[in-house]
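Participant: With the input below, show me the fold.
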Amino acid sequence: MSDSDFSPGRGSSGDRGSGGASPAAVAPRPSRSPLITALVIGAAVILVLTIVAQFWTEVLWYESVDFVGVFRTQIVTRLLLGIVGGLIMAALAWSSIHIAYRVRPIYAPSPETQAMEHYRELVEPMRRTATIAAPLALGLFAGLSAATQWETYQMWVNGQSFGKNDPEFGLDIGFFVFTLPWVNFVLGFLTMVLVVVIIAAAFTHYLYGGIVVGGHTRSTQAARVHLSILLAALVLVRAVAFWIDRYNLATAQSTRMTGIQYTEAHAVIPTKAILAVAAVMCAILFVSTIWTRSWRLPIVGVAVLIVCVIAVGGIYPALVQSLKVKPSEKSLEVPYIDRNIKATRAAYGFDEVKVQSYDTKTVASPGQLRGDAATIPGIRLIDPNIVSPTFKQLQASKGYYQFPDVLDVDRYMIDGTLTDTVIAAREIDLTGIPEGQRNWLNDHTVYTHGYGVVAAKGNTRDDDGRPTFFEGQIGRKGALDPYQPRIYFGENSPEYSIVGGGKKEFDYPDPTGTGEITNTYDGRGGVPLGGINRLAYAVTYKELNFILSDAVTADSKILDHRTPRERVQRVAPWLTLDGNAYPAVVDGKVLWILDGYTTSASYPYSQMTTLNVVTEDAVTRTRESVRAVQAGQVNYVRNSVKATVDAYDGTVNLYEWDPTDPVLKAWMSIFPGTVKPLSAINGALMQHLRYPEDLFKLQRTLLSKYHETDAATFFTGQTFWQVPDDPTQAGVSLSQPPYYLSLAMPGTKKPSFSLTSTFMPAGDRNVLTGYLAADGDAGSTTGKKSPDYGSLRLLETTGGTVSGPGQVFNDMRTSGQTSKDASLGGLTLAQFITTTGSQGASTVIFGNQLTLPVGGGLLYVQPIYVQAKASGSYPLLSAIAVSFGAKIAWASSLDGALNDLFGGSSGAEAGDTGAVSPPNPATPTGGATTTPTPKPTTTGTPDQVALAAALKDAEAAYTAGEEALKRGDFAAYGEAQAKLKSALERAVKASPQGLATKAP
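Facilitator: As a prediction, the model looks like this:
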């Protein structure tokens, strides 16, 4: 049967009652059970009520924080894209199915067509339903897919100019950042829609005879025209995609770099243009079937296009790479590497890093720190990563208060001096409430908030090794008073609390021990629970007590979505937030401060990085309260927003921090009025803003390679660096975290609050090659950042070789240097570490290993903490070890250690307190002041004194050897035996002559 035997019509078997079956032959449908109907209706009602309740509570929450416009913009944009995307898919799918059915042919029965008759009979009863349901289902999925692209769409509509062009195409960078992602989505979406529509059309034509597959595949003219137009549209879309792919190469990844390289510029880009032209020609061939009545030309066109894709798009670029680029790779790739270097440094904000050659001295001499007298007092000895148990034991007051496992570093004016501070908020901990008191009423209406902040000086400690607290004791006035101390919104706040309405909430224990102090929340934050709101929240949280409990009244409010990160993320979903929120007392309020980043993965030539990988370090991997920044690949980052959350009433404020950022300008256009100008930041808040950690980690990781600005040298990789591993994390390879401290970099006039890190050569050499510091002092002027804020200074070491952090740490652990501090009992540093940690009662904990460019070289400062293994113990700062060049010294105070290191006088005063009483290895520490082991005293002649001392040492060495032997510690046993031999020899020399002559 030829093609002409098929003519479109409306008289197919489908119109003849599904193969001739009469209505009387159709079996009656079984009646549906009323119970099942009721259950289905009930489930639908519950589902609808749940969705409505959740939507309504979302609206209420956004209204409570005055950001309802953010929610509205998201919903409207999602709905718009979902409806448009769904309609496109549904309309095209329905029209294709409908057209294919309408033009089905009238045929004479034959063995070839009879096979499909059975299937048509099966489909016919549900044809009308399927014709509508199938497109609607496809439209639903397509609409949901389109709705997820609301950010991409809004960025395209509100795109900005970067004011600079990419070097390959001469287009403004804004095209790549704002327009290209949306164009890529549209092309991908249209490709998906057309593929689905073509499949639906082809299946319908096949089912109803428009296409017959057999010994000789045939199709009707109507089917051919229908499919050829759809296929031509698909190929045209792919032609546009080929052309657009040229621009996507600017952010393409390779093993060497991100961006266009020689092969892409000279082979791939031209071939993409050729493929685009070939695809257009192929589309024309598909349309030509309308007149040629044959698939021959389109098949030839598709075959040629496939050959072009393989040969021109694949083989030719591979030949160029292997035959031309590889033999002369360095000279050919250098111009493109230079583009990558410049783009990366600009996109990540370190293109203006100040690089300085630093001729490091490695010999310590008296008075060498005199020129750094202003920096030395700013050396932070209290490690925020370690002293959380100390804060909890001394300042939590009760078990239902808690502190994060990593505290924060800030600055406060104490006694007229701007002082580095370790600070934390005292938050409520429901798990610390006695089990018998845990119930819904207590958890959600009584224990609703934490109380106050606890702060200690960063550079001093008490004589027993505890932090020097200047704020924190409940019921006592501190240096930061007066301020609103109640923490209703914090990093560990309960999921929700019901407050206000005259209900008394637990505040803190009565200092007299006679009861408790209560409080009633009167802040502006929260959602009122009057009227229908109670029912909505009862449904949302699946909790009947919202309706039944008399603790919930019309005057009550609910506080939910309470963590600072969550609140900021909800009102600014476009921000990537720093992993750490920190508290600050500002203008009588406790504010949580967060850093927000605007990011993009479409900046041409800039190196792509994975955020959660480059921001991970020893702290984020080993602590819960500080996390790596959320996952995602980016190649453009700006710290464009500073955000605050009021710990009492939950008020969220977003402040513009980088007014020049085009991405921020776009988002401010999308959400007008949500970001306040820089001028709205008052001086009190300004002095607590700092350089963000995650941005610094990202920049230091990239600077380990991109400090090298010469493209030819960059190609060889010989000057690449790496961030050192944290030496205090035994057995694991985790990057050393950056540290906040106040220091004056070489060439600067005064210390500034800075974030610092070090570099080593890539490979196995444990020596320092670089030192990076970011100026984090924003100043204290309202609406104006300090001119030096954000300045990156990089020291490249020259001169003497400086050991790396790992090498210095190992040298300290094995150091035979004896402290001149009398309170340390004449022990060497290695003995102090070994004996303190090997007795079983205590643990040695190494604090943050700080590195400072002072004295013309690099000074290492290593605080050493000791914590008893007994319950309720906590770390105490017990010693400080320092290193300069190859020399090591240690003492119970930083002043003592520095003076010892620099020949008796360092030339500067650290200002920390007097000698810390070191722990007696046999006495638990942390909870009681320890005292040094008393030295034996004797009376008599010098020889008798010496003999007694020698015998005492021999006895101690023998005991130590026996204990070491029991533990199986043969190294310690050998040391003890050597000490025993030395002591016995001294005893023989000090003994009377007669005893000496009788000795065997």
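Participant: from memory Val84 sits against Ala146, does it?
Facilitator: Yes - between Val84 and Ala146 a contact is recorded at 6.8 Å, counting by CB atoms under 8 Å. (C-beta placed from N, C-alpha, C; glycine too.)
Participant: More neighbours: these two, which one.
Facilitator: Set Val84 next to Ala146 and count neighbours by other CB atoms under 10 Å: Ala146 wins out with 24 against 15.
Participant: Can you tell me the closest non-neighbouring residue to Gly465?
Facilitator: For Gly465, ignoring the flanking residues on the chain, the nearest one in space by CB to CB, 6 or more residues apart in numbering is Leu876 at 3.3 Å.
Participant: nope, Ile244 is what I meant
Facilitator: Nearest residue to Ile244, sequence neighbours excluded (CB to CB, 6+ apart): Val183, at 5.8 Å.
Participant: just the strands in the stretch 601-750 of the chain please.
Facilitator: If DSSP state E, counting those that start in this stretch is used as the criterion, the strands of the stretch 601-750 of the chain fall at 609-610, 633-634, 636-646, 652-656, 721-722, 739-743.
Participant: what is the rounded mean pLDDT of stretch 424-440?
Facilitator: Averaging the model's pLDDT scores along stretch 424-440 yields 92.
Participant: same question but for stretch 297-308, I mixed them up
Facilitator: Across stretch 297-308, the average pLDDT comes to 90.
Participant: Equivalent analysis for stretch 233-245, please.
Facilitator: The average pLDDT within stretch 233-245 is 96.
Participant: from memory Leu234 sits against Thr191, does it?
Facilitator: Yes - taking contact to mean CB under 8 Å, the distance of 7.0 Å between Leu234 and Thr191 places them in contact.
Participant: more neighbours, those two?
Facilitator: Neighbours per residue, other CB under 10 Å: of Leu234 and Thr191, the larger number sits with Leu234, 20 against 15.
Participant: how much space between the more buried one and Leu187?
Facilitator: Leu234 sits 11 Å away from Leu187, taking CB to CB, to the nearest Å as the criterion.
Participant: Around Pro270, how many other residues sit close by?
Facilitator: Residue crowding around Pro270 was assessed by other CB under 10 Å; the count is 14.
Participant: Can you find the helix or strand in the protein with the smallest mean pLDDT?
Facilitator: The element with the least model confidence among the helices and strands of the chain, by mean pLDDT, DSSP states H and E, is helix 993-998, at a mean of 36.
Participant: hang on, the earlier thing: tabulate the strands of the stretch 601-750 of the chain (a markdown table), appending mean pLDDT and distance to Ile290.
Facilitator: Below are these laid out as a markdown table (pLDDT from 0 to 100; distance: least, CB to CB, whole Å):
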| stretch | mean pLDDT | distance to Ile290 |
| --- | --- | --- |
| strand 609-610 | 94 | 50 |
| strand 633-634 | 93 | 46 |
| strand 636-646 | 97 | 48 |
| strand 652-656 | 97 | 58 |
| strand 721-722 | 95 | 64 |
| strand 739-743 | 93 | 72 |
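Participant: Quick one, which of these gets closest to Gln356.
Facilitator: Gln356 lies closest to strand 739-743 among the strands of the stretch 601-750 of the chain, at 14.4 Å (CB to CB).
Participant: who does whatever helix or strand comes next after the closest one pair up with?
Facilitator: Proceeding N to C from strand 739-743, the next assigned helix or strand is strand 752-761, under DSSP states H and E. The strands beside strand 752-761 in its sheet (DSSP bridges) come out as strand 721-722 (antiparallel), strand 739-743 (antiparallel), strand 770-775 (antiparallel).
Participant: Looking at those strands, which is nearest to Gly378?
Facilitator: Distances from Gly378 to each of the strands paired with strand 752-761 were compared using CB to CB; the minimum, 3.3 Å, belongs to strand 739-743.
Participant: What are the contacting residues of the closest one?
Facilitator: With contacts defined as CB atoms under 8 Å, 6 or more residues apart in numbering, strand 739-743 is touched by 375, 378-380, 409, 411, 418, 420, 458, 690, 751-757, 773, 776, 848, 850, 852-854.
Participant: returning to that earlier point: ranking the strands of the stretch 601-750 of the chain by burial, who's on top?
Facilitator: Between the strands of the stretch 601-750 of the chain, strand 636-646 has the highest mean count of neighbours, a mean of 25, where neighbours are mean count of other CB atoms under 10 Å.
Participant: other SSEs contacting it?
Facilitator: Judged by 3 or more CB pairs under 8 Å, 6 or more residues apart in numbering; DSSP states H and E, strand 636-646 is in contact with helix 564-571, strand 589-600, strand 652-656, helix 662-670, helix 693-706.
Participant: Take those and write them to TSV, including distance to Leu319.
Facilitator: Listed next are those as TSV, based on distance: least, CB to CB, whole Å:
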stretch	distance to Leu319
helix 564-571	49
strand 589-600	34
strand 652-656	51
helix 662-670	40
helix 693-706	30
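Participant: just to revisit the earlier point, point out the one among the strands of the stretch 601-750 of the chain that comes closest to Leu577.
Facilitator: Across the strands of the stretch 601-750 of the chain, closest to Leu577 is strand 636-646 (CB to CB), at 7.9 Å.
Participant: what residues are up against Trp182?
Facilitator: Counting by CB under 8 Å, 6+ apart, Trp182 touches Gln149, Thr152, Tyr153, Met155, Trp156.
Participant: Give me the pLDDT for it.
Facilitator: Per-residue confidence for Trp182 comes out at a pLDDT of 97.
Participant: Can you give the distance of the host helix or strand of it from its chain's centre?
Facilitator: Trp182 is part of helix 180-207 when elements are defined by DSSP H and E. Taking the mean of its C-alpha atoms, helix 180-207 sits 37 Å from the chain's own mean (CA atoms, centre = their mean, to the nearest Å).
Participant: May I see the buried residues of that helix?
Facilitator: With burial defined by 16 or more other CB atoms under 10 Å, the residues of helix 180-207 counted as buried are 180-187, 189-190, 193-194, 196-198, 200-202, 204-207.
Participant: Now do it against strand 589-600: the angle between them, please.
Facilitator: Direction vectors for helix 180-207 and strand 589-600, defined by axes from the mean of the first three to the mean of the last three CA atoms, to 10 degrees, enclose an angle of 60 degrees.
Participant: Report the strands that pair with the very next helix or strand once past helix 180-207, each with its relative direction.
Facilitator: Sequence-wise, the next helix or strand downstream of helix 180-207 (DSSP H and E) is strand 211-212. For strand 211-212, the paired strands and their directions (DSSP bridges) are strand 218-219 (antiparallel).
Participant: Give me the mean pLDDT for the strand it pairs with.
Facilitator: Averaging pLDDT along strand 218-219 yields 78.
Participant: and the helix or strand following that strand, how far from the chain's centre?
Facilitator: Per DSSP H and E, strand 218-219 leads on to helix 221-248 as the next helix or strand towards the C-terminus. Put simply, helix 221-248 sits 41 Å off its chain's centre (CA atoms, centre = their mean).
Participant: What of stretch 160-167?
Facilitator: Relative to its parent chain, stretch 160-167 has a centroid offset of 28 Å by CA atoms, centre = their mean.
Participant: Before I go, just wanted to say thanks for your time.
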